[in-house]
Structures are given as structure tokens and as C-alpha cells.
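**Student:** Test case, fold it:
(chains A and B)
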Amino acid sequence: MSGLLANIDWADIGQATIDTLSMLGGSMVLTVILGLPLGVILFLTGKGQMLENRLANGALSLVINILRSVPFVILLIVMIPLTVALVGTSLGVAGAIPPLVAGAAPFFARLVETALREVDKGVIEASFAMGAKRRQVVLGALLPEAMPGLIAAATVTAIALVSYTAMAGVVGAGGLGDLAIRFGYQRFQTDVMVVTVVALLVLVQVLQMVGDAAVRKVSHR
Amino acid sequence: MITFQDVSKTYAGGARAALNGVSLSVAPGEVYGVIGASGAGKSTLIRLINGLEKPSGGKVIVDGDDVAGLGVEGLRSLRRRVGMIFQHFNLLSSKTVAGNVAFPLKLAGVSDAEAKARTAELLARVGLSDFAAKYPAQLSGGQKQRVGIARALATGPKVLLCDEATSALDPETTEQILELVSNLNRELGLTIVLITHEMDVVRRVCDRVAVLESGKVVEAGPVEDVFLHPASDMARRFVTEAEGAPGDGAPIGGRVVRLTFKGEATYKPILGAVARETGVDYSILGGRIHRLRETPYGQLTLALTGGDVDAAIARFQADGVRVDLVSEGDR
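**Tutor:** You can find the predicted model right below:
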């Protein structure tokens, strides 16, 4: 065979793209569901905050740091028994989601904590002075005020997840990263490598643009 | 309306007490000023009134409730009766002007329709009806504070706390905001406690004032007394800051006296009459004429020479002018 893109099987590329997007979508939803409350708790139990609790804050912080310090490739492999117990397999899109969430949720939680710290303390005090309950302060003032920062945090996390999905390809998750490694790297099919990398690049670019537009939409500062 | 009984406050890890044995009482419908330098304990004092801070000792009674003894619901109910505005406005940047004003109503569980009507009414009162859909970032400082005031009034409070409410504003805007605050006091019978480091703010709007220094009240009383005849060094410093030095120290012969005119006496042509009648000559060493809320007042420092100085002083006093001796001079 000759030609510039001789080794490309577009059906494979299409399937791999769908797999990558499914991994990304599924793990992103779960990351937000788990990471947002974790980040809020991390913030609220911090020093000088309304639920200040050194023990809870220290313990949560430690767990998050441990998960964040394990390189993702290692986390993928270490988690295999847990993944099998959770979803019945360590392969394919389903098998990739537990390690992706375990890798991204602590990262997102930290970013959420940082975004919440940016909220003007005076606004929180004013909310209490108006007779708000703690729950009302968190849901009615803290989270809406932090919304631009939270969306930016979600964007950064989604982009990190794209590169995690590529690594997940190594342990049989499929997707664009898997294609790049099996064909582009191991079989020296440079054209496959280029096409997958371009696809990933476009994906990251789109995520960043959508995220930036959403931040602009909710930011009234 | 508000009573402090021997209130102290020490922060954990704080080297000294933020407040130390403070007692004062604010009557319903009055404008009470608390003036102090930064770090004197003003912010702590005002936050004890709505329970944002808890006293370490003593009692704070607001509208019949002992603030420290209130549970969560009691405190929320108190905070709906006590509005607060802030130096940096503390508006929610994510909500529109109308959304900010409606926020305390939502917190109190008021229905949307009712909140909407009340919000429109409040925005009209502060002159911001056309700004309902704008965001705080699109407003000037004075407009932001008006939104803060409308928001503080949303739940129909009896008391308004002003935490350095004009310190971040330019002089002209400060005047407008103080006028609005004064009107609210008159029209709604609102009791107002304001803390400030500017004597001028106290002079314009307050009925009574307490001077705070290092967590203690060093002087308290009607504004005219504290302003015209400050007894403490701290009060004198604030008056001098607002008015400039009174000019008592000029090296000139004769007896130096300070005359204080208030109300009607301020505008009487009294000086010339006394000079003619008693044969006393006067040199004006310093003076000021101003208003305390609505009352005009004047203060003149004079050196009196020749003639019958004692008779002149008696004559001033007979006309309702207060005379303080600054120095005897050489007679």
C-alpha cells in the first residue's frame, strides 16, 4: 500500500474516538459528582471557615494528596482488583472509568477548594448577617460566587482526563490513546500516530474553548 | 433598643482584648456613632450586635434579646430585625441588583411574587429603579452602597448597622449616602448604629457618640458635647482632624477665651454689641462655623484686652454663649 494515510482504518479511528469520548464523559460526570462535595468539605473544614475541623480536614487532605501523588499509570494497574469488583471488568470503557475517576476527583476537589477560597469573605459574612443558614450560605452565595472558578476548574480537569484516557489505553481501555500506542508506536505506523494526536488536540482545543465561553457567560465581575 | 453591659471580647490567640468592659445603650430611633482609630475595636463592637461575634464577657441585649443566649433560629430572627451595610458593600457579584435585594427575602422564605414587589419598592426608595437588571460590577461605589442599603432594609429591620459605610466613597458620594441614612432614620424611625473613623460623619448624622480607644469607651455623650467640648485626648484628636487646629496658641496679650454659640445665638451680632458696651477690644485668633445635624454652631477664640473683661464675659454668658477660659494672659 502506498499513499500518505495508507495505514488508516477510518472505522477504527471512529470507534476509538467514540470510546475516548465515552470514557471522558462518564468519568467527568462522576468526577464532578464526587469531587465537588469533597472540595466543598475540604474548604468548609479549613482554618477559619464555618465548619473548621482540623482532624477531618487533615484526614481528607491526606487521602487526596496520596491519590494525587500516585502516577496515573501506576494507579491504573494498582486499581485493577477494585475495578473488577466495581464494574466486573478491568477492560474497555467500563473498566477505565473507576481509575479515571480515582485519578481526577482528588485533583478536581483541590481546584474546587482553591476556587472557593477566592470568594470574598465579606459576601459570606453579609449572607450570615442577613439571616442565612449555613446551607443557604453555601448553596445561595458561596457556590454561585465561585461559579466562574468552578467552571474553569472543570475545564482543566476535563483536559487532564483526556490525557488520562490515552494512558488508560495502555491497560486495554481502547480509545485514541490505545490506537496511537498499538499502531503508531509498536507498528511504526506514523500516520496513525499523527491522526490520533491531531484528534486529541482538536478535542482539547474544543474543551478549552467551551470552558472559556462558559466562564465568560457566568462571570459578572 | 441596644444595651452593652460590661462587654469584653478577646480573640483566641489575641495578645490583648479587642473590647474591654464596654457599657453603652442606644435608644430607639436614635443615630448612635462609635468613633475610633483602626484597631480600637469598632468592628468587633458592631458585630456583637447581630451575633457575628460572641462576647467573651458581659451581655449584649438587642430588641429585648440577649444575643449570646439565642439559638440558631433566634439568631436568624434577630438578624432579620437588624440590617447591616458594609464598607466594601459585600454585594453578590453573581446576582443582579434586584437579585441582591431579594436575597434576604428568599432566605426568609418570602414568596417570589411578594419578594418582587418588595424589591421594586426598595429600589425606588434608594433611587435605583432603573438599575434592577444590572450587575454590581456595572455600578459606581455610591450606587453599590445604595443597593447594600436596599438589601439591608428588605426584611423591614428596626436597626441598621453601618460598618464604615462611607469610608470607601468620595466626599460627594459620602454626603449623599449620609443624607439617605438620615432620611431613613427620620422616615422609618430606624435606630442606627454606625462606626467610623471620621468625626465629620458623626457630626453630620449622629445624635450621640461614643469614642473608643484600645477597646474602651473613653468618652460618650451627645454629639454637640463631645464635638464642641471634647474631654478626652482621643476625642480632641478626632475633632482637630475634622476641623483643623482651633488656633488657641497664638502669642498675644490679653485674656484668651473660647466662645461657643449654638442655635439662634450663632447668627446674633453679639460681638460688636459687647465690645461697645464694655469697652473691650478683641482679636480673633481662630474660629469655625458649621452645623451639627440641623443645629448651627460657631466657636471663636478671642483675645480680650482693655475695658471690663469680666463684664464682657458675663454679658456673653447672659446671651446664652458658653465661655471657656483658654489663658489668663497678662493683666
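
**Student:** what's B:Ser327 sitting at in phi/psi?
**Tutor:** In terms of degrees, to the nearest 10, the main-chain angles of B:Ser327 are phi -150, psi 150.

**Student:** residues in chain B within reach of chain A, list them.
**Tutor:** B:50, B:52, B:72, B:75-77, B:79-80, B:84, B:86, B:88, B:90-95, B:103-104, B:106-108, B:135-137, B:151, B:154-155 (C-beta under 8 Å from any C-beta of the partner chain). From N, CA and C alone the C-beta is placed, and that goes for glycine too.

**Student:** Helix or strand: which one has A:Ala146?
**Tutor:** helix A:143-168 (DSSP states H and E).

**Student:** follow-up on the earlier one: from the residues of chain B next to chain A, list just the buried residues.
**Tutor:** B:50, B:52, B:75-77, B:79-80, B:84, B:86, B:88, B:90-95, B:103-104, B:106-108, B:135-136, B:151, B:154-155 (16 or more other C-beta atoms under 10 Å in any protein chain shown).

**Student:** Which of the helices or strands spans A:Arg216?
**Tutor:** With DSSP H and E as the criterion, A:Arg216 is inside helix A:190-218.

**Student:** so for that helix, what's the average pLDDT?
**Tutor:** Average pLDDT, helix A:190-218: 94.

**Student:** give the contact list for residue 127.
**Tutor:** Reading this off chain A. A:Gln136, A:Val137, A:Gly140, A:Ala141, B:Phe103, B:Leu107 (C-beta atoms under 8 Å, 6 or more residues apart in numbering or on different chains).

**Student:** Chain B was what I was after
**Tutor:** Contacts of B:Gly127 (C-beta under 8 Å, 6+ apart): B:Arg146.

**Student:** And what about it, helix, strand or coil?
**Tutor:** coil (DSSP: H, G, I helix; E, B strand; the rest coil).

**Student:** how far away is it from A:Ser69?
**Tutor:** B:Gly127 is 57 Å from A:Ser69, where distance means C-beta to C-beta, to the nearest Å.

**Student:** returning to that earlier point: buried stuff in the helix or strand following the helix holding A:Ala146?
**Tutor:** Using DSSP H and E, the next helix or strand after helix A:143-168 towards the C-terminus is helix A:176-179. Within helix A:176-179, the residues that count as buried by 16+ other C-beta under 10 Å are A:Leu176, A:Gly177, A:Asp178, A:Leu179.

**Student:** Would you mind pulling the contact partners of helix A:176-179?
**Tutor:** A:12-13, A:16-17, A:19-20, A:165-170, A:172, A:192, A:196, A:199-200.

**Student:** hmm, which helix or strand of chain A has the shakiest average pLDDT?
**Tutor:** The helix or strand of chain A with the poorest confidence is helix A:176-179; it has a mean of 88 (mean pLDDT, DSSP states H and E).

**Student:** Give me every residue in chain A lying close to chain B.
**Tutor:** A:120, A:122-123, A:125-133, A:136, A:140-141, A:144-145, A:147, A:218, A:220-221.

**Student:** So which of those belong to helices?
**Tutor:** A:Gly122, A:Val123, A:Glu125, A:Ala126, A:Ser127, A:Phe128, A:Ala129, A:Gln136, A:Pro144, A:Glu145, A:Met147, A:Val218 (DSSP state H).

**Student:** need the strands for chain B, in chain order.
**Tutor:** B:2-9, B:19-26, B:31-36, B:57-62, B:65-66, B:82-86, B:159-163, B:191-196, B:208-213, B:216-222, B:255-262, B:281-292, B:295-305, B:322-327 (DSSP state E).

**Student:** What is the last one packed up against?
**Tutor:** Translated: strand B:322-327. strand B:255-262, helix B:309-318 (3 or more C-beta pairs under 8 Å, 6 or more residues apart in numbering or on different chains; DSSP states H and E).

**Student:** Mind putting these into CSV with mean pLDDT?
**Tutor:** CSV is the format used below for the helices and strands packed on strand B:322-327 (pLDDT from 0 to 100):
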stretch, mean pLDDT
strand B:255-262, 85
helix B:309-318, 87
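
**Student:** top helix in chain A by residue count?
**Tutor:** Criterion DSSP H: the longest helix present in chain A is helix A:10-44.

**Student:** And it, what's buried?
**Tutor:** Within helix A:10-44, the residues that count as buried by 16+ other C-beta under 10 Å are A:13, A:16-17, A:19-24, A:26-28, A:30-32, A:34-36, A:38-44.

**Student:** got it, and stretch B:152-165?
**Tutor:** B:152-155, B:157-165.

**Student:** how long is it end to end?
**Tutor:** 12 Å (C-alpha to C-alpha, to the nearest Å).

**Student:** where's it relative to the chain centroid, distance-wise?
**Tutor:** 15 Å (C-alpha atoms, centre = their mean, to the nearest Å).

**Student:** how about B:Asp324, what does it touch?
**Tutor:** Contacts of B:Asp324 by C-beta under 8 Å, 6+ apart are B:His229, B:Val257, B:Arg258, B:Thr260.

**Student:** Repeat that for B:Ala12.
**Tutor:** For B:Ala12, the contact set (C-beta under 8 Å, 6+ apart) is empty.

**Student:** Could you tell me how far it is located from B:Ser56?
**Tutor:** 10 Å.

**Student:** Any stretches of chain A with poor pLDDT?
**Tutor:** A:1-3 (pLDDT under 70).

**Student:** Can you give me the domain boundaries for chain B?
**Tutor:** The record, using automatic domain parsing to delimit domains, assigns chain B the ranges B:2-241, B:255-327.

**Student:** Could you identify which of those domains is most buried?
**Tutor:** domain B:2-241 (a mean of 19; mean count of other C-beta atoms under 10 Å in any protein chain shown).

**Student:** Centre of the chain to it, how far?
**Tutor:** Per C-alpha atoms, centre = their mean, the centroid offset for domain B:2-241 relative to its chain is 10 Å.

**Student:** cool, stretch A:77-94 as well?
**Tutor:** In terms of C-alpha atoms, centre = their mean, the gap separating the centre of stretch A:77-94 from the centre of its chain is 18 Å.

**Student:** Endpoints of it, how far apart?
**Tutor:** 15 Å.
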